[in-house]
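Enquirer: Please work out how this folds:
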Amino acid sequence: MKPRIQAAWAGGLALVAAVLLFALHPWLLDRSEFALLDARFRLRGTTALENPIVIVAIDSKSIDEIGRWPWRRSTIAELVNRLTEAGALAIGLDLVFSEKETPRDIAAVRVARDILRERVIQEPGVATDIAALDEALARSDTDAQLARALARSRRTALGYFFRTALDEADAPDELARRIPGIRRSQVSVAKVPAQATPPVLTCTGLEANLPQLQTASRRSGFLSAVNDFDGVTRRAALIARCGDAYYVSLALAVYEVASGKRTMLLGNSFGFEEIRVGERAFPVDEGGKILINYRGPARTFPHISASDVLAGRVRPGELSGALVLVGPTEIGLGDLQTTPLGGAFPGVEVHANVLDNVMNGDVLERNDSIVAAELGLIVFLGTLLIVVIPRTRGILMSLACAGALATGLLSFGFFAFLKWGLWLNLIYPLTTIALVFLAVEATRSLAAEARSRRVRSMFATYVPPSVVKQLADDETRLQLGGETRTLSILFSDVRDFTSLSERLGAEDTIKLMNVYLGAMTKIIFDTEGTLDKYIGDAVMAFWGAPVPLANHPERACRAAIAMQSALQDFAAEHPGLQGAEAVRVGIGVHTDTVMVGNVGSQLRFDYTLIGDGVNLCSRLEGLSKVYGAGILASQDLVGQLPASFKTREIDEIRVKGRQTPAVIHEVLGSSPWAQEEAAWRDAHALGLAQYRAGRWAEARRALEEAVALRGHDGPSTALLERMRALDETPPSAWDGIWSFETK
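Expert: Prediction:
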């Protein structure tokens with residue numbers, strides 16, 4: 001299976017796993033998403049307030065001035081009166097008055113009053129005392145004072161608590177007895193099928209206000225908080241169920257008081273769809289909860305100390321038309337919540353945020369359409385990575401692609417939160433990006449490592465380690481099926497190897513060949529050549545494959561020169577090596593277009609060359625002995641060498657099995673010609689020209705001069721012997737090209 005297909009399969013499986021995670025919602029990922037949501041709140045900071053919501057705080061200042069909490073209800077009554085007189089539009093009390101507040105001496109006063117009433121007929125003067133006692137009782141009955149203040153205000157909403165835990169449940173008859181006391185918070189219209197059982201907050205117990213207080217207030221609402229599993233308050237229940245009816249929260253009750261409208265529920269058999277107060281409608285989840293759009297950290301809403309209200313230190317008009325929430329903010333009173341913006345967040349300010357959300361209608365949205373969009377986003381991102389990553393080059397590029405997608409996703413999520421109030425679940429798309437990236441990249445890396453091992457195994461004995469690394473890092477340089485390339489080829493062979501091996505014996509011959517072949521292979525590798533094979537004492541190598549080389553003719557020629565140079569000092573560098581002094585080689589080098597690739601069967605193959613150029617190069621190596629030259633090279637190779645190389649043309653030939661003639665050169669070194677070499681070089685060149693022109697007498701004189709000047713010149717001697725063998729006369733139809741009929 002191709003690596004890309006393997007990577008696609010791995011990515012597909014990772015995408016399926018991501019979709020399953022999205023369906024299962026594991027705790028760890030949900031906790032991470034909550035952290036991302038909280039981060040969005042913190043990054044956004046404080047937003048502008050549009051509604052006149054004020055918190056009258058029972059804070060440390062108030063407690064210092066008025067006394068420790070709880071205060072007498074006459075004080076609360078006075079606070080309600082002051083707020084009413086200041087023009088507050090609605091007053092929500094984040095307080096519960098579930099028990100009577102009876103002074104210790106009230107019972108004795110009542111007994112005394114009743115006794116005096118029995119004597120009022122007999123002793124008319126007692127009526128004055130009775131009036132005094134009635135006045136004392138009125139002052140002492142703080143519950144009645146608070147009830148009268150609530151009734152006069154006609155703009156208050158009281159809070160009460162629903163208990164929702166099973167271990168806090170009231171007995172059924174006790175709960176039934178208490179429920180009528182909260183009828184002022186009951187929803188009048190609830191369009192939900194009778195058989196529906198929506199996942200709404202449901203009470204198991206009730207802690208309500210005293211009936212006389214509950215009746216005196218205009219509305220009431222529950223205070224019960226809804227915390228996520230990490231203990232953070234991100235949601236608020238606007239509706240709860242107790243018995244067979246639905247009830248509103250304190251924030252919704254205050255909004256009802258301010259607007260003069262009543263709440264209506266709309267839903268289906270699966271749950272609630274929206275809550276409507278008059279003409280204002282806002283979305284809720286199936287359980288009647290909203291995601292609180294917090295306006296900022298604690299004290300974002302205006303705070304006024306309750307002691308300042310009671311003492312008349314509030315500026316005129318400051319509370320006129322305001323929606324006032326009265327509640328504790330002092331840490332020691334314990335009504336603190338943990339929110340996305342931090343802990344120690346007063347519960348009364350949570351209600352203020354909910355009330356502001358309701359009034360603006362801008363609660364955070366998260367509905368079925370958003371969930372479906374998130375699922376589509378997961379599939380899209382996963383598919384995109386499956387397509388893109390296998391086509392990238394290297395892990396850094398694929399990591400950059402995945403990082404860009406993650407960054408774009410985070411940016412869009414924050415923008416949607418800031419611009420439209422949408423809570424897009426980011427952790428699952430991010431998890432998808434991570435899973436697909438890791439799966440695809442791991443599969444690709446494993447496949448690359450497997451390919452790298454195959455390449456190393458295949459080429460470790462052919463090419464130098466640096467080339468093996470290039471092939472392993474970039475397999476695109478290698479086409480294992482074979483390809484046509486222009487390469488430079490080298491053949492070398494030890495002269496008189498048969499007689500040498502016969503003289504040395506098998507053991508010493510093997511020792512000699514191991515050292516010799518090691519030295520020759522090092523030279524090939526040093527010039528970035530590829531070792532094709534050893535053929536007994538012969539070496540075949542080439543340059544330009546598997547890694548392309550722009551100057552492969554020069555590298556091949558330098559390798560041939562280095563091999564001949566190394567043999568001059570071979571015996572000295574290996575003292576005691578039998579036969580080292582007798583090693584002489586002939587080398588042929590040629591540049592041609594050939595087929596290169598793996599040749600063989602599935603059981604056995606070699607990375608080698610096929611083509612006419614291979615045969616010609618082999619013939620050049622064999623002819624080096626005929627011409628007495630250390631290195632013979634073709635015109636195709638010599639024509640691509642730098643001018644600094646010392647070469648000379650020595651003949652034009654046809655080899656057996658090849659009709660096309662080839663001009664051949666002797667390579668003498670990589671440095672320019674010395675001045676003292678010019679005479680014999682020019683003499684040989686003149687002799688070669690005369691030889692080709694058929695003027696053999698003139699050719700013989702020039703070639704003999706070259707031999708005399710140099711002392712020994714193999715190519716000149718070879719031409720002289722050829723002319724002598726032909727009786728000094730050119731054959732008929734002479735064209736200057738010599739054909740070899742044997743290999």
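
Enquirer: State the number of residues packed around Ala86.
Expert: Number of residues near Ala86 (other C-beta atoms under 10 Å) recorded here: 21. C-beta here means a position set from N, CA and C on the backbone, and glycine is covered the same way.

Enquirer: Where does Val232 fall, secondary structure wise?
Expert: Assigned by DSSP states H and E, Val232 belongs to no helix or strand.

Enquirer: those helices in the stretch 251-400 of the chain, which residues are they?
Expert: In order along the chain, the stretch 251-400 of the chain carries the following helices (DSSP state H, counting those that start in this stretch): 306-310, 347-360, 368-388, 395-420.

Enquirer: okay, those in a markdown table with mean pLDDT, mean neighbour count and distance to Ala571 next?
Expert: As requested, the helices of the stretch 251-400 of the chain are arranged in a markdown table below (pLDDT from 0 to 100; neighbours: other C-beta atoms under 10 Å; distance: least, C-beta to C-beta, whole Å):
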| stretch | mean pLDDT | mean neighbour count | distance to Ala571 |
| --- | --- | --- | --- |
| helix 306-310 | 95 | 22 | 110 |
| helix 347-360 | 93 | 24 | 96 |
| helix 368-388 | 90 | 16 | 62 |
| helix 395-420 | 91 | 15 | 52 |
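
Enquirer: Tabulate the ones you listed (CSV), appending distance to Ile331.
Expert: Supplementary listing: these in CSV, determined by distance: least, C-beta to C-beta, whole Å:
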stretch, distance to Ile331
helix 306-310, 16
helix 347-360, 12
helix 368-388, 37
helix 395-420, 30
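
Enquirer: Of these, which is nearest Glu621?
Expert: Closest approach to Glu621 among these is made by helix 395-420 (46.2 Å; C-beta to C-beta).

Enquirer: thinking in terms of the whole chain, how far from its middle is that closest one?
Expert: Taking C-alpha atoms, centre = their mean, to the nearest Å, one finds the center of helix 395-420 at 9 Å from the center of the full chain.

Enquirer: From the contact counts, what lies against that helix?
Expert: Other helices and strands packing on helix 395-420, by 3 or more C-beta pairs under 8 Å, 6 or more residues apart in numbering; DSSP states H and E, are helix 27-44, helix 368-388, helix 427-459.

Enquirer: which one of these is the most hemmed in?
Expert: With neighbours taken as mean count of other C-beta atoms under 10 Å, those reach their highest mean count in helix 427-459, at a mean of 19.

Enquirer: Restrict the longest strand seen in the chain to CA atoms and write it as CSV.
Expert: With residue count as the measure and DSSP state E as the assignment, the chain has strand 585-600 as its longest strand. Taking only C-alpha atoms (Å, rounded to 0.1, in the frame of the first residue of the first chain), the coordinates of strand 585-600 have been written out as CSV:
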residue,chain,number,x,y,z
VAL,A,585,45.5,-1.1,-13.3
GLY,A,586,44.0,0.1,-16.5
ILE,A,587,41.0,2.4,-16.3
GLY,A,588,38.3,3.4,-18.8
VAL,A,589,35.9,6.3,-18.3
HIS,A,590,33.0,7.3,-20.5
THR,A,591,29.9,9.6,-20.3
ASP,A,592,26.7,8.4,-22.0
THR,A,593,23.0,8.1,-21.6
VAL,A,594,22.0,4.7,-20.1
MET,A,595,19.3,3.0,-18.1
VAL,A,596,19.9,3.0,-14.4
GLY,A,597,17.8,1.2,-11.8
ASN,A,598,17.2,-2.1,-10.1
VAL,A,599,17.8,-5.0,-12.4
GLY,A,600,17.0,-8.6,-11.4
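
Enquirer: buried set for that strand?
Expert: Of the residues in strand 585-600, 585-592, 594-597 count as buried by neighbour count, 16 or more other C-beta atoms under 10 Å.

Enquirer: Adding distance to Ile427, write the residues you listed out as CSV.
Expert: CSV is the format used below for those (distance: C-beta to C-beta, whole Å):
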residue, distance to Ile427
Val585, 70
Gly586, 73
Ile587, 68
Gly588, 69
Val589, 65
His590, 65
Thr591, 62
Asp592, 62
Val594, 58
Met595, 56
Val596, 52
Gly597, 50
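
Enquirer: pLDDT check: weakest of the residues you listed?
Expert: Across the buried residues of strand 585-600, the member with the lowest pLDDT is Gly597, scoring 81.

Enquirer: picking that back up, out of the helices of the stretch 251-400 of the chain, nearest to Asn268?
Expert: Distances from Asn268 to each of the helices of the stretch 251-400 of the chain were compared by C-beta to C-beta, and the smallest falls on helix 368-388, at 12.2 Å.
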